[in-house]
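K.L.:
Need a 3D model of the sequence below.
(4 chains)
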Number of protein chains: 2
Amino acid sequence: MSLSQTEENYLKAIYSLAYANSNKVSTTLISEELNTKASSVTDMIQKLADKDLVHYKKYQGVSLTEIGRKIAVEIVRKHRLWEVFLVNKLDYNWDEVHELAEQLEHIKSETLIDKLEAFLEFPTHDPHGDPIPDKNGNIEHHKNMMLSSLENGESIVVIGIKDSSDPFLKFLDKLQIQLGSIIKVVSKEPFDNS
Amino acid sequence: MSLSQTEENYLKAIYSLAYANSNKVSTTLISEELNTKASSVTDMIQKLADKDLVHYKKYQGVSLTEIGRKIAVEIVRKHRLWEVFLVNKLDYNWDEVHELAEQLEHIKSETLIDKLEAFLEFPTHDPHGDPIPDKNGNIEHHKNMMLSSLENGESIVVIGIKDSSDPFLKFLDKLQIQLGSIIKVVSKEPFDNS
DNA sequence: TTTTATTTTTAGACTTGTCTAAACTTTTTA
DNA sequence: TAAAAAGTTTAGACAAGTCTAAAAATAAAA
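P.N.:
Got it, this is the predicted structure:
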């Protein structure tokens, strides 16, 4: 199945929005992301649903199917590898490459991106620090950030722990915090950000 | 003025056909080159004529304007530089890169192709031996051919020498022939084509 | 919980690039 | 050089992706 650039862009948009938000994405949100009108989004969503790339029920929002997700991740992979190429090999600055990568990510080839990856010596992150999915569609899902850098009311998922000393791990146990736990910042102590 | 990929492909087709043939190109020839129908070609030709990219009079064939030619050469430049990249950097074989370059040549950027050219260390020919136009749209206009294959009255520019033995080079010096010289065939000796 | 506001979908239309079929030119050939 | 053949253009239609305006459904508010 070969997709148009437009279809690929919709999948990518849904992927990143579903990610930032819960999972289901609204028509309006997509239309804002892609600078189109909601009615255009509805049309395309229906087309993608016909191709089994998204789950869709009228008025209920949209989410990616397994195939849809795989394609979206593949596009993210291409985008980020091209960004590495542009910065590391062609001397672009990291803030100049996004638009170009938006074009390059749509180049169709079975082999190109794997050869590019090898040429770049298998980078793990793009110039902005975002992780590069592997060729099977696996990706580290997170931006690493310190809990202390969040503001009140923000939530995150715990994916790693900096201090793995015994007393600290015990402390986390007591609070029932483990990898995968969702934490919401209720308030911060000004003196040490705890 | 920003052109669609389709428009670019038409310009490129007209450029290479005008080249191989005299100068004016017929609708049918273009339709064969691009695998479309003659009626589609007529439509597009008219559109390109409106944009002053081709000279066109009904039933009289088409040729590129100066602007049209410049754009076409720029696309050829992109195509050939990408081919060098694919072969020299990504280890493709020279016979695998054409289709990919057909896609890559349409990437839009003010700076990309110049940066790519520098990264490739300013190659002069693509992997098939065809010359790469410079950024001003100048290109060596020739297919390499043996001087002996020309007919009386034809002229060429010397771009390479097959026999680089000392006596032969001295012989060329005596005739003041060097790279870049223009030679016209006045007459040929039938016995050895000299 | 009924009314109001917001979001979403449908209907109809426009653009780009394509097609087929028919009309029109030009070229060839007898 | 007039009739036939070949090539070219026009007319009308279609698919993809978009839009505006109006209808339908959901969510929010009184």
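K.L.:
Wait, residue A:85 touches residue A:117, no?
P.N.:
No. Using C-beta atoms under 8 Å, residue A:85 is not in contact with residue A:117; the gap is 9.6 Å. All C-beta atoms are positioned from the backbone trio N, CA, C, and that covers glycine.
K.L.:
who's more crowded, those two?
P.N.:
residue A:85 (24 against 19; other C-beta atoms under 10 Å in any protein chain shown).
K.L.:
contacting residues for the more buried one?
P.N.:
Residue A:85 makes contacts with A:116, A:119-120, as judged by C-beta atoms under 8 Å, 6 or more residues apart in numbering or on different chains.
K.L.:
Assign a three-state SS to it, would you?
P.N.:
Under DSSP: H, G, I helix; E, B strand; the rest coil, residue A:85 falls in the helix class.
K.L.:
now the nearest residue in space to residue A:28 that is not next to it in sequence: how far from chain B?
P.N.:
Nearest non-adjacent residue to residue A:28, counting by C-beta to C-beta, 6 or more residues apart in numbering or on different chains: residue A:38, 5.5 Å away. Distance, residue A:38 to chain B, by C-beta to the nearest C-beta, to the nearest Å: 26 Å.
K.L.:
Next, count neighbours for residue A:38.
P.N.:
14.
K.L.:
Check the gap between it and DNA strand D for me.
P.N.:
Note on residue A:38: its distance to DNA strand D, by C-beta to the nearest atom of the strand, to the nearest Å, is 7 Å.
K.L.:
Just confirm that residue contacts residue A:32, I think it does.
P.N.:
No. Using C-beta under 8 Å, residue A:38 makes no contact with residue A:32, being 9.2 Å away.
K.L.:
still on that earlier bit, could I get the contacts of residue A:85 as CSV with pLDDT and distance to residue A:140?
P.N.:
Listed next are these as CSV, based on pLDDT from 0 to 100; distance: C-beta to C-beta, whole Å:
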residue, pLDDT, distance to residue A:140
A:116, 98, 20
A:119, 98, 22
A:120, 98, 18
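K.L.:
Now narrow those residues to whatever sits close to DNA strand C.
P.N.:
By C-beta under 7 Å from any atom of the strand, no member of the contacts of residue A:85 lies near DNA strand C.
K.L.:
What about these, which one has the most neighbours?
P.N.:
Ranked by neighbour count (other C-beta under 10 Å), the contacts of residue A:85 have residue A:116 at the top, with 22 neighbours.
K.L.:
Would you confirm that that one contacts residue B:86?
P.N.:
No. Using C-beta under 8 Å, residue A:116 makes no contact with residue B:86, being 9.8 Å away.
K.L.:
just to revisit the earlier point, filter the contacts of residue A:85 down to just the ones in helices.
P.N.:
Of the contacts of residue A:85, the ones assigned to helices by DSSP state H are A:116, A:119.
K.L.:
From the contacts of residue A:85, pick the one nearest residue A:14.
P.N.:
residue A:116 (25.3 Å; C-beta to C-beta).
K.L.:
for that closest one, what are its contacts?
P.N.:
If you count contacts by C-beta under 8 Å, 6+ apart, residue A:116 has them with A:81-82, A:85, B:90.
K.L.:
can we see that at 6 Å?
P.N.:
Residues near residue A:116 by C-beta atoms under 6 Å, 6 or more residues apart in numbering or on different chains: residue A:81.
K.L.:
mind checking which helix or strand residue A:10 is in?
P.N.:
For residue A:10, the enclosing helix or strand under DSSP states H and E is helix A:5-20.
K.L.:
CA atoms only for that helix, dumped as CSV, please.
P.N.:
Below are the C-alpha coordinates for helix A:5-20, written out as CSV (Å, rounded to 0.1, in the frame of the first residue of the first chain):
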residue,chain,number,x,y,z
GLN,A,5,2.4,12.6,1.2
THR,A,6,-0.9,14.1,2.5
GLU,A,7,-2.0,10.8,4.0
GLU,A,8,1.4,10.4,5.6
ASN,A,9,1.2,13.8,7.1
TYR,A,10,-2.2,13.1,8.7
LEU,A,11,-0.9,9.8,10.2
LYS,A,12,2.1,11.7,11.6
ALA,A,13,-0.1,14.4,13.0
ILE,A,14,-2.4,11.9,14.7
TYR,A,15,0.6,10.1,16.1
SER,A,16,2.1,13.0,17.7
LEU,A,17,-1.2,14.4,19.0
ALA,A,18,-2.3,11.1,20.4
TYR,A,19,0.9,11.0,22.2
ALA,A,20,0.8,14.4,23.7
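K.L.:
That one close to DNA strand C?
P.N.:
No. Helix A:5-20 is not in contact with DNA strand C by C-beta under 7 Å from any atom of the strand; minimum separation 11.5 Å.
K.L.:
which residues touch that helix?
P.N.:
Against helix A:5-20 from outside (C-beta under 6 Å, 6+ apart): A:25, A:29-30, A:33-34, A:44, A:63-64, A:68, A:71-72, A:75, A:106.
K.L.:
If we use 8 Å, what do you get?
P.N.:
A:3, A:24-25, A:29-30, A:33-34, A:41, A:44-45, A:47-48, A:53-54, A:62-64, A:68-69, A:71-73, A:75-76, A:79, A:105-106, A:141.
K.L.:
Out of those, list just those in helices.
P.N.:
In helices, judged by DSSP H, the following of the contacts of helix A:5-20 are found: A:29-30, A:33-34, A:41, A:44-45, A:47-48, A:68-69, A:71-73, A:75-76, A:79.
K.L.:
pLDDT score assigned to residue A:178?
P.N.:
Looking at residue A:178, its pLDDT stands at 58.
K.L.:
Lowest average confidence across helices and strands of chain A, where is it?
P.N.:
strand A:155-157 (a mean of 54; mean pLDDT, DSSP states H and E).
K.L.:
Next, count neighbours for the residue nearest to residue A:74 when sequence neighbours are not counted.
P.N.:
Distances taken as C-beta to C-beta, 6+ apart place residue A:137 nearest to residue A:74, at 6.6 Å, with adjacent residues excluded. By other C-beta under 10 Å, 15 other residues sit near residue A:137.
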